[in-house]
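> Give me a model of this one.
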Amino acid sequence: MSGSVPEDAASAPAPQASGESASTTPPQDPVNNPPAQAEASRQSDSEQEEEIPPGSLRVDPRVGEDLYGTNIAASYAHVSATGVNAFGSHNTIVHITYHGQPDVKPVIRRVEETHFLEVYAGTEADSALSALLAEGPIACLTGRPHTGRFSTACAALARRHDVSRLHEVLLPDEIRADALRQTANRLEEDHGYLLRLPGDGHVEAMRLLTDVFRRRSASLLLIRDDESRAGDRHPAEVPHHGPDPVEVFRKHLRHQLCDRADLNDEETERHVEIYLQDGGLTAAIKHTYRPHEVVRLAKAVADHHPADHTALAEIVQVSQPNRRDRAAEILRCRATGGDRRPRRADQHERAFRIAYAVFARQPLHHVFEAASLLLEEIDGQAKRPDWGRMALQYTVSELLGPLDVDWREGQKAARALGGVSRSAWLRDGAMRGAIIDEAWHEFDSTRPALLKWLDTLVASDDEPVRRAAAEAAGLLAHHDFDRVCADLIDGWAASPRPLTRRAAARAVVAADMGGQVHHLVRRRVRAWSGGHRNYQRDAAALVYASGLQQPDLNWSLADLRRIARDRMQQHSHAVAEGIHQLYALSPGWEGEIVSELARWLDDRQLRRHAGNALLSLAQRTLDDRRRAPFDLMTKLASNQVDANDLARLWRGSLFGSPTSHQTWPIFGRWLHQAESDDTFRKSISALVADLAAVPALRRRLQFHLVRLAEFPNGLPDWLETAMREQ
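Reported below is the predicted structural model:
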């Protein structure tokens, strides 16, 4: 690949006009088309050469809160227990830090959960799983996703072995489950292992791995989607159905109250039963869609303990079941009364309210324009004649209906702050996702029009419009990942237009923030990075630059290395920003990242990216103080990064990189900080001595350093000493 012409750059059509839909001119397979190549290259270079400010592509956590409410499960501001460095379900978090060769070995990590059985609500599958694991080393749990399958599997293995002896196995896409036969020495005796297995390879996996786990007196529990009829199931398969939501609430609330309120068992049980006597709360629990929503309700009640009926009513009001009910009311047609309503009135209201939700927090003129476009898409799907755009027919209050209260409150709040009053505002921000959900699930025939509408919006020149459309697509991908990717996101990722590729990256990250499609998102990003389309590789780099990571750090580095070898990436800073995000979100693994960048210097295609990454990392400070120490310098002083690797990076950036003119001022700031802080002087002096060990480089140092603004009165003695010939 390193010596080839970029496939997409050589084959892509000329960039589209800003008002055209990205899907009207799909990317073509590689052909000899020099004019298109030149045009696409000019387009790409002109829009990608500028640097990406660190963290500028991250998605605001408020987006996740607006789209998923209490179900948000990813944090891109800092690493957290439910953030991008965690892999698991609900109460079970598996931290992935294995640094082997992901293309060869499975990742095996311990399930860290000390109180798992205390909060586990039993299911009908428990007894059957226990019986199967008593008879043999392998069983398979099948059922619908997001119903608590992972928790049920953990409970079964904990009963068989112990809570402290549970592991999850993660497989790279390139290898199959039988790879565990080659790594059997990593399986511990009398331990339990879980493996989420896509597709229908479970029967073959059970056949090949039974002896392996029997010899280790260990157990393997496969988890897969239920795609077969009852009569077609393997004898070692157990169907899974979600637990009773009231029991889930009871278990979690009891645990939360014991931890927070310091109550004994009898008092805790009494408080739990009192809460469950509230009719509104009980109804909300029974109308939850998945155990995760119940857990959030229990946490909300525990946070407000002791909660009276008023407090419980407020909790229920912002619960997901209540949001869904209100979203249905918002999109419901008004009664027609005695007179027939004007033509398309119901459709116009629904379209306006959907657009209002998609463009929450945005100026209202975007809502009007987007609603008109949605009606045009609906008319096109219905093959109606062009009726033109609605004008002077309905006021905002009429179009918003139940949302009029939110809009008016938003106007008051904006006026009080001195801002723009006419903007789409929701009292409960999470109603944004609930309304889009309702439009997707309750108006199925409108789905093609919704997807085409989002595709049209992404072609806009207006950044807020593209951003809102990408976030809505991410939410819909959370519900129907394959369809939304096939119809929208994959096409955006393959677009010759860089702004459209950036929208694809934002949509993928927005989908991941919901917490239910982590594995699908990461598999798709790896497919983009390893595919044959340059543009999709660029979209994958933008995803990593947005803060998303693979469950194993080495997988992310391998993807970025593959992307960086693409000649189209030579003028892009997306790979460098992806490295910066890995560094920022992987505390404790800075040394591995620096060593990887040092190895990049051996590859001509990767050197520029290594230099750009060092430029970014070298300016990163420990905090936001005006003269805060440089983070990488601190890691060097504490021996958390290899001094030789860092010296190689500086040498390549200062003396052999196209960006060396940018690197010298940053290096000067490092030297100035070492001059003013003794804790860094020893390590920086050794770094300079290492650089000056080569005579030609020593002369270059002597030439540049005396011209740095940081040393107007000449170089300090320690620096002169470090540069002397040894």
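
> Would you mind naming the helix or strand containing Arg214?
Applying DSSP states H and E as the criterion places Arg214 in helix 202-215.

> Touching that helix from outside, list them.
Taking contacts as CB atoms under 8 Å, 6 or more residues apart in numbering, the residues outside helix 202-215 that touch it are 136-138, 140, 176-178, 180-181, 184, 187, 193, 195, 197, 219-220, 222, 224, 234, 236-237. For the C-beta atoms, the positions are set from N, CA and C on the backbone; glycine is no exception.

> now do 6 Å
Around helix 202-215, the neighbours that count as contacts under CB atoms under 6 Å, 6 or more residues apart in numbering are 137-138, 140, 177-178, 180-181, 184, 220, 222, 224, 234, 236.

> can you list the residues you listed in CSV and add pLDDT?
Supplementary listing: the contacts of helix 202-215 in CSV, determined by pLDDT from 0 to 100:
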residue, pLDDT
Pro137, 94
Ile138, 94
Cys140, 93
Ala177, 82
Asp178, 77
Leu180, 83
Arg181, 82
Ala184, 82
Leu220, 94
Leu222, 93
Arg224, 90
His234, 81
Ala236, 86
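
> By neighbours, which of these wins?
For the contacts of helix 202-215, counting by other CB atoms under 10 Å, the largest number of neighbours falls to Leu220: 27 neighbours.

> Helix or strand: which one has the closest residue to Val396 other than its chain neighbours?
The shortest distance from Val396 to any non-neighbouring residue, by CB to CB, 6 or more residues apart in numbering, is to Trp407 (6.7 Å). Using DSSP H and E, the secondary-structure element containing Trp407 is helix 404-417.

> residues making contact with that helix?
Contacts of helix 404-417 from elsewhere in the structure, counted by CB under 6 Å, 6+ apart, are Ser397, Leu400, Ser421, Trp425, Leu426, Arg427.

> Check stretch 319-326 too.
Taking CB under 6 Å, 6+ apart as the criterion, the residues outside stretch 319-326 that touch it are Gly69, Ala284, His287, Thr288, Glu293, Leu297, Val316, Met431, Ala434.

> if you set the cut-off to 8 Å instead, what comes out?
Here stretch 319-326 makes contact (CB under 8 Å, 6+ apart) with 69-71, 283-284, 287-289, 293, 296-297, 300, 316, 402, 428, 430-431, 434, 437-438.

> Also stretch 710-726?
Applying CB under 8 Å, 6+ apart, the contact partners of stretch 710-726 are 668-669, 671-672, 675, 681, 685-686, 688-689, 692-693, 695, 698, 701-702, 705-706.

> Give the other helices and strands that the helix or strand Ala613 falls within contacts.
According to DSSP H and E, Ala613 maps onto helix 604-618. Taking 3 or more CB pairs under 8 Å, 6 or more residues apart in numbering; DSSP states H and E as contact, the helices and strands that helix 604-618 lies on are helix 553-564, helix 574-585, helix 590-600, helix 631-637, helix 643-655, helix 660-676.

> so what secondary structure elements neighbour the last one?
Helices and strands touching helix 660-676, as assessed by 3+ CB pairs under 8 Å, 6+ apart, comprise helix 604-618, helix 631-637, helix 643-655, helix 678-692, helix 695-705, helix 717-723.

> Alright, calling it a day.
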